[in-house]
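Peer 1: here are the coordinates; sequence isn't available:
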């Protein structure tokens, strides 16, 4: 009886004489897709609100004298739809003819050629000739910054870009002015878009009105080799596609992953790739008489071995950079342990507090997709808009969808969604855990709360207090459990979680910063920087070895430079901020004499006659997987009580476009940085 009743309540629609069950709230277009019927569209997009502008999705409905726009028509039980009749075909041809009435005939020189929805659909649904003899309209180009090239005469007014800027990016800078034939899409004040997600409008544009300015006239899509891989500009691990021509990376595009980045990527992910071509290290260097000179691999490695043997193992230290993959990290640690006998390793260039006893202590436990299920978010010393742009877009999505309440400890400026700043002192945390603050009850009443702790909150004397106190509070209130863990660490570096998984830190029960104290006290005589460019220390008499892909801050102070491969030039594994293991694939190859980093350590170990135990990538990956699995299963579960430390939690400013060596080498990122600074100073002047 129950099954019969359920079947009667499931709505059904008949599409092309085929009966299909659909969910309440679906549109006719979505129901047609369930039935396998292809519906052309320009304005409709699954992740944006419905506009119903283009009318390309017309279908025939029984008893309707006119065709209906399927994207805007709710599907109802018993509705009969046809998508392939002569009536529908004529209607679509008419719509296409109007769309092309003012469209310029510049397909041969359009960067959208080969990837243009208008081109494809005009072939399938349009006429093979034009009946218009009137002059076509001309629209002036609009300035949208250094990333977006405009040809607004091509615009068909689908408004996808406007809806994305308003709904997803949260920066309502795009809009339509005028009406009818005089309608134009523009930034209202003719200025650069101030969103870190702005270039996604290029992917959304179904015609060539918005194209990529840095990529303009570089190549045609069919000339490029396409490689699906992972982004390393932050710790989110956005899924991307890298398009290469020979050795050169021409562009980076998003790849759909519903759990991580959906189908968006940040502007830094998309455009920092031109930094892969500049400031590259392509041969070893040795410093002699204060100047670097080119060297052979044999000379550089022999000198390095001599130096390693001349110091006590306790005087040798290693530091892992922000872009390192698991192969680099594992082989680096193995080399230090087996060949040098040193445990002085660290991955925290920013000197923040960590508790590596359990894996949940340093990952984003609620997951990125889990943000949409949350009903309360407390940000502690973090600016997710700049630290993890894609994650911030997911918070905005949850705010719009669930009317989410968001609070912040620390003033972080515009996050693209409203939030309430409840203070900037650790005393606020003390009040929350004691129950004397109003936020305490709101957390306890929430079904799925999230506390997101950023690096700024873990920096300084109070870092340990902030983390351990909030963790104990969540644990005591049963918010750390298998089906929902409200404790989240917002890591900024692509290598950080993997490095902690492998034990690349100098932490014990009494001292969390012993490595940095030894650096400050000049206890280390040799420091090996593995792509580490963001640490500041006084070199004095230290011998510095730098291994990396770019001539950046680490290479400037190095005595030996070993050229490595960038993230697009090797196969590698990365663990993102939520602890998810992902594979990056080789799209290009290292320039000159540069080598993959794990091969450098293997060769060094063999020259020292202390082999690391792996000779190929397969054996290395097996060792890596074993260690990660053991880290996931094992962990010491205990609460640590900490005395209160009063300190202000000030969110550290982030030089967003210059966060790593690749971005600092990028001309496009430099242009974006200059524009963002210009607007910042303009805003300060206005405020004052």
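Peer 2: Ah, there it is. Being a predicted model, the structure only gives us computed values, none of them experimental.

Peer 1: any regions of this structure where pLDDT drops low?
Peer 2: Applying pLDDT under 70 to the chain flags the ranges 1-8, 633-638, 678-688.

Peer 1: would you mind measuring the gap between the ends of stretch 489-507?
Peer 2: End-to-end span of stretch 489-507 (CA to CA, to the nearest Å): 18 Å.

Peer 1: equivalent analysis for stretch 555-569, please.
Peer 2: Note: stretch 555-569 ends 20 Å apart using CA to CA.

Peer 1: may I see the buried residues of that stretch?
Peer 2: Residues 555, 558-569 are the ones in stretch 555-569 that count as buried (16 or more other CB atoms under 10 Å). For the C-beta atoms, the positions are set from N, CA and C on the backbone; glycine is no exception.

Peer 1: stretch 133-146 now?
Peer 2: Neighbour counts using 16+ other CB under 10 Å place 139, 142, 144, 145, 146 of stretch 133-146 among the buried residues.

Peer 1: between those, which is closest to residue 627?
Peer 2: Using CB to CB, residue 146 comes nearest to residue 627 of the buried residues of stretch 133-146, at 42.8 Å.

Peer 1: where's that closest one, which helix or strand?
Peer 2: Using DSSP states H and E, residue 146 sits in no helix or strand.

Peer 1: list the contacts of residue 271.
Peer 2: By CB atoms under 8 Å, 6 or more residues apart in numbering, residue 271 lies in contact with 147, 199, 214, 252, 666, 668, 669, 672.

Peer 1: same deal with residue 462?
Peer 2: Contacts for residue 462 (CB under 8 Å, 6+ apart) come out as 426, 645, 646, 647, 649.

Peer 1: now residue 50
Peer 2: Shown in contact with residue 50 (CB under 8 Å, 6+ apart): 27, 44, 71, 72.

Peer 1: got CSV for these, with neighbour count and distance to residue 313 too?
Peer 2: What follows is the contacts of residue 50, written out as CSV (neighbours: other CB atoms under 10 Å; distance: CB to CB, whole Å):
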residue, neighbour count, distance to residue 313
27, 19, 67
44, 25, 64
71, 25, 67
72, 17, 70
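
Peer 1: between those residues, which is nearest residue 409?
Peer 2: Using CB to CB, residue 44 is the member of those that sits closest to residue 409, with 40.8 Å.

Peer 1: looking at it, that closest one is touching residue 53, isn't it?
Peer 2: No - counting by CB atoms under 8 Å, residue 44 does not reach residue 53; the two are 9.1 Å apart.

Peer 1: picking up where we left off before, quick one: buried ones out of the contacts of residue 462?
Peer 2: For the contacts of residue 462, buried by 16+ other CB under 10 Å: 426, 647, 649.

Peer 1: closest one of those residues to residue 106?
Peer 2: For those, the nearest to residue 106 is residue 649 (54.0 Å; CB to CB).

Peer 1: need the contact list for that closest one.
Peer 2: Residue 649 touches 380, 381, 409, 410, 424, 425, 426, 456, 457, 462, 466, counting by CB under 8 Å, 6+ apart.

Peer 1: any idea where the strands of the stretch 201-350 of the chain begin and end?
Peer 2: All strands of the stretch 201-350 of the chain, identified by DSSP state E, counting those that start in this stretch, fall at 210-212, 225-230, 239-245, 248-254, 285-288, 291-294, 316-320, 345-346.
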